[in-house]
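Participant: Need a 3D model of the following:
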Amino acid sequence: MADKEAGGSDTGPREAAPASAYSSPARSLGDTGITPLSPSHIVNDADPNVSEQQTFLVVVAVDFGTTSSGYAYSFTKEPECIHVMRRWEGGDPGVSNQKTPTTILLTPERKFHSFGYAARDFYHDLDPNEAKQWLYLEKFKMKLHITGDLTMDTDLTAANGKKVKALEIFAYALQYFKEQALKELSDQAGSEFENSDVRWVITVPAIWKQPAKQFMRQAAYQAGLASPENAEQLIIALEPEAASIYCRKLRLHQMIELSKAAVNGYSSSDTVGAGFAQAKEHIRRNRQSRTFLVENVIGEIWSELEEGDKYVVVDSGGGTVDLTVHQIRLPEGHLKELYKATGGPYGSLGVDYEFEKLLCKIFGEDFIEQFKIKRPAAWVDLMIAFESRKRAAAPDRTNPLNITLPFSFIDYYKKFRGHSVEHALRKSNVDFVKWSSQGMLRMSPDAMNALFKPTIDSIIEHLRDLFQKPEVATVKFLFLVGGFAEAPLLQQAVQAAFGDQCRIIIPQDVGLTILKGAVLFGLDPAVIKVRRSPLTYGVGVLNRYVEGKHPPEKLLVKDGTRWCTDVFDKFISADQSVALGELVKRSYTPAKPSQLVIVINIYSSELDDVSFITDPGVKKCGTLRLDLTGTSSAAVPARREIQTLMQFGDTEIKATAVDIATSKSVKVGIDFLNY
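Facilitator: I've put the predicted structure just below:
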């Protein structure tokens, strides 16, 4: 059986490490084992505490993105008005600045200095020797996605190579948004706005693992947005869910429908460009107004949807692409998550990596590595220049794109190699990138499109896999949202691959869709009614030993009773549908009546089929300790009942244990970072 070698999976042989999470609860904790009373499974018990909602004056949503970030807010008195934050100082040419880059600068003493454009510009203007002392970080959110064993101590590396705690950086960034938002709210209201007036919503990718979602909450506590005692003040929202909520409100004139394009005698790629040009013009005209009116209606597209209809939200951002399938439930139009979120690290960052690979091919990897360390500000400049040209890439483009090389790049290359940049380009045999006498790299449109290809191919392939699933076969709409959805190359690829299967729709202000949806979610968190559980959850128990059914090495004899140790008693399975606020209850009794303390260990696994807590991939993620002392033995029934409740369906999970005899209870939030 799988559990034979599992004990050694990462703790060495089980006997050698009795205190590990994988050791038997009965052996390591001295008689604190529990055994199921009965297979009670009560579902859909609404939590009585849920209705006592606090009232907040305003909902502020923070879209903490990989490449750019922003916030938006709405006063609970006028929920139909969503205000997008003030314009940022120091926007980039060719890039709309309704968000600011996710960049942060710390002083040489590691104190917070600035965020966004301000951080970038200040860092850029530092003397190169001085700049080496400062800690500059950008696009650091991806670290949470790619770190398998994320903890509170995970490090990030700044541009100068120095390490800094990820939690500190995320907390600094959130604190910055908190201060900006409170200042703007106070200015608008003409009186001081307190943090306690605000319900915060932070968006995270749905494909993030639980530790990363919990990490975000911890960072928010450290930044003072909310506290563990007042956890309801902060909602962690899933990005595609937020997008989905916003798309429901859209009218037809607020979106571009790619599939209608070919009807007007244009080819599809012309209209993708043309439709987007109109939309951009519309947004430019409305740019001065930062308030969006969300009509309190279900939008026109939505009115075509019937009970049970399905649609896919493809949220393509800077770092990740998130695919979620939702189903409509009428009459209120509540959403049910049909298929567990999938996706991966296929955001627009992939295009930047391809550009970097191209530079390495032309100028040598050794040079690029050195240049990034020795001239970090110039490297940032080069990537900004690339970013604005990247946005000009389009399927039907014929003229080349020019990318300005910073003077220090040309200068440093000559010092490093002893010959010119022009010489390197001639020698590299990369024939679609030329050198122009104005000091620019001239890229042919094909060369630029080639940089997009690996990332776009990954997205299309991922969508293809999704469309193979039986529950996704009858999808009516595909909503393309997120910053990368602005790329005509991606739009065209999605339309070409899936246009004959469903209608493909892009909201006009596609980069702000998630932000606005997150505000709507904060105003009405109950709009998502059913989610899929990403993990299997259960507790470790002792069961009566059954000869032939249980493995012999799990046998434990205590006071003449034969127990099977390490049994995984399942509360809920991975991918099972769970309603919002759903409670699952189980009753246990101490394995030994004289126990003075009960320890209930909670475990999770990505697999559905789990028998023992020692199985591979099972992780401990919570402990409930219940003190049983202080009651006279006369008052306690012979079979003492300990009720354990787990509440699911929200983006966070809570567990409670209650001693029925004394009504003593303990609560714990599931913890994926500290075990």
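
Participant: Could I get the full set of helices for the stretch 101-250 of the chain?
Facilitator: Assigned by DSSP state H, counting those that start in this stretch, the stretch 101-250 of the chain shows helices spanning 117-125, 128-131, 142-146, 166-189, 210-222, 239-247.

Participant: Next, the buried residues of the last one.
Facilitator: Across helix 239-247, burial judged by 16 or more other C-beta atoms under 10 Å covers 239-247. (C-beta placed from N, C-alpha, C; glycine too.)

Participant: and what of the longest one?
Facilitator: Using 16+ other C-beta under 10 Å as the test for burial, helix 166-189 gives 166-178, 180-182, 184-185.

Participant: model confidence over that helix, on average?
Facilitator: Helix 166-189 shows a mean pLDDT of 91.

Participant: Now do that helix: which elements does it pack against?
Facilitator: Packed against helix 166-189, as judged by 3 or more C-beta pairs under 8 Å, 6 or more residues apart in numbering; DSSP states H and E, are the following elements: strand 58-64, strand 68-75, strand 103-106, strand 112-115, strand 155-157, strand 198-204, helix 210-222.

Participant: These into a markdown table, with extra columns for mean pLDDT, distance to C564 and mean neighbour count?
Facilitator: Putting those into a markdown table (pLDDT from 0 to 100; distance: least, C-beta to C-beta, whole Å; neighbours: other C-beta atoms under 10 Å) gives the following:
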| stretch | mean pLDDT | distance to C564 | mean neighbour count |
| --- | --- | --- | --- |
| strand 58-64 | 92 | 46 | 27 |
| strand 68-75 | 89 | 51 | 24 |
| strand 103-106 | 94 | 52 | 24 |
| strand 112-115 | 94 | 53 | 19 |
| strand 155-157 | 89 | 42 | 16 |
| strand 198-204 | 93 | 39 | 26 |
| helix 210-222 | 88 | 28 | 21 |
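
Participant: one step back: now the buried residues of helix 239-247 in TSV, please, with extra columns for pLDDT and distance to K111.
Facilitator: TSV is the format used below for the buried residues of helix 239-247 (pLDDT from 0 to 100; distance: C-beta to C-beta, whole Å):
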residue	pLDDT	distance to K111
E239	85	31
P240	82	36
E241	83	36
A242	87	33
A243	86	36
S244	83	40
I245	83	38
Y246	84	37
C247	80	41
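
Participant: Output the helix or strand where S587 lies in PDB with nothing but the alpha carbons.
Facilitator: If you go by DSSP states H and E, S587 is part of strand 583-590. Extracted C-alpha coordinates of strand 583-590, given in PDB (Å, rounded to 0.1, in the frame of the first residue of the first chain):
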ATOM      1  CA  LEU A 583     -20.700  23.500   7.300                       C
ATOM      2  CA  VAL A 584     -19.600  19.900   7.500                       C
ATOM      3  CA  LYS A 585     -19.900  18.300  11.000                       C
ATOM      4  CA  ARG A 586     -18.400  15.200  12.400                       C
ATOM      5  CA  SER A 587     -18.600  13.800  15.900                       C
ATOM      6  CA  TYR A 588     -15.600  12.200  17.700                       C
ATOM      7  CA  THR A 589     -15.000  10.700  21.100                       C
ATOM      8  CA  PRO A 590     -11.700  10.500  23.000                       C
END
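
Participant: And the contacts of the helix or strand just after that strand?
Facilitator: Of the helices and strands lying after strand 583-590 in sequence (DSSP H and E), the nearest is strand 597-605. For strand 597-605, contacts defined as C-beta atoms under 8 Å, 6 or more residues apart in numbering pick out 21, 25, 29, 32, 34, 210, 535-540, 568, 574, 588, 590, 613, 615, 617-629, 642, 644, 646, 655, 657, 659, 668, 670, 672.

Participant: Please spell out the ChimeraX selection for the buried subset of those.
Facilitator: Buried residues among the contacts of strand 597-605 (16+ other C-beta under 10 Å), as a ChimeraX selection:
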select :21,25,29,32,34,210,535,536,537,538,539,540,568,574,588,590,613,615,618,619,620,621,622,623,624,626,628,642,644,646,655,657,659,668,670,672
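
Participant: Now, the contacts of strand 597-605 that are in strands?
Facilitator: Using DSSP state E, the subset of the contacts of strand 597-605 located in strands is 34, 536-540, 568, 588, 590, 619-627, 642, 644, 646, 655, 657, 659, 668.

Participant: starting at the chain centroid, how far to stretch 380-394?
Facilitator: Between the centre of stretch 380-394 and the centre of its chain there are 25 Å (C-alpha atoms, centre = their mean, to the nearest Å).

Participant: which secondary structure elements does the helix or strand containing N449 contact?
Facilitator: Assigned by DSSP H and E, N449 belongs to helix 445-468. On a contact count with 3+ C-beta pairs under 8 Å, 6+ apart, helix 445-468 meets strand 310-316, strand 321-329, strand 334-344, helix 349-363, helix 376-390, helix 488-498.

Participant: pull the CA atoms of it into PDB?
Facilitator: Extracted C-alpha coordinates of helix 445-468, given in PDB (Å, rounded to 0.1, in the frame of the first residue of the first chain):
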ATOM      1  CA  PRO A 445       6.600  42.500 -37.200                       C
ATOM      2  CA  ASP A 446       7.300  38.800 -37.600                       C
ATOM      3  CA  ALA A 447      10.100  39.000 -35.100                       C
ATOM      4  CA  MET A 448       7.800  40.700 -32.600                       C
ATOM      5  CA  ASN A 449       5.000  38.200 -33.200                       C
ATOM      6  CA  ALA A 450       7.500  35.400 -32.600                       C
ATOM      7  CA  LEU A 451       8.100  36.700 -29.100                       C
ATOM      8  CA  PHE A 452       4.400  36.400 -28.400                       C
ATOM      9  CA  LYS A 453       4.100  32.900 -29.900                       C
ATOM     10  CA  PRO A 454       5.200  30.600 -27.000                       C
ATOM     11  CA  THR A 455       3.000  32.400 -24.500                       C
ATOM     12  CA  ILE A 456      -0.100  32.500 -26.800                       C
ATOM     13  CA  ASP A 457       0.400  28.900 -27.800                       C
ATOM     14  CA  SER A 458       0.400  27.900 -24.200                       C
ATOM     15  CA  ILE A 459      -2.800  29.700 -23.500                       C
ATOM     16  CA  ILE A 460      -4.500  28.200 -26.600                       C
ATOM     17  CA  GLU A 461      -3.300  24.700 -25.700                       C
ATOM     18  CA  HIS A 462      -4.600  25.100 -22.200                       C
ATOM     19  CA  LEU A 463      -8.000  26.300 -23.500                       C
ATOM     20  CA  ARG A 464      -8.100  23.300 -25.900                       C
ATOM     21  CA  ASP A 465      -7.600  21.000 -23.000                       C
ATOM     22  CA  LEU A 466     -10.400  22.700 -21.100                       C
ATOM     23  CA  PHE A 467     -12.800  22.500 -24.000                       C
ATOM     24  CA  GLN A 468     -12.200  18.700 -24.200                       C
END
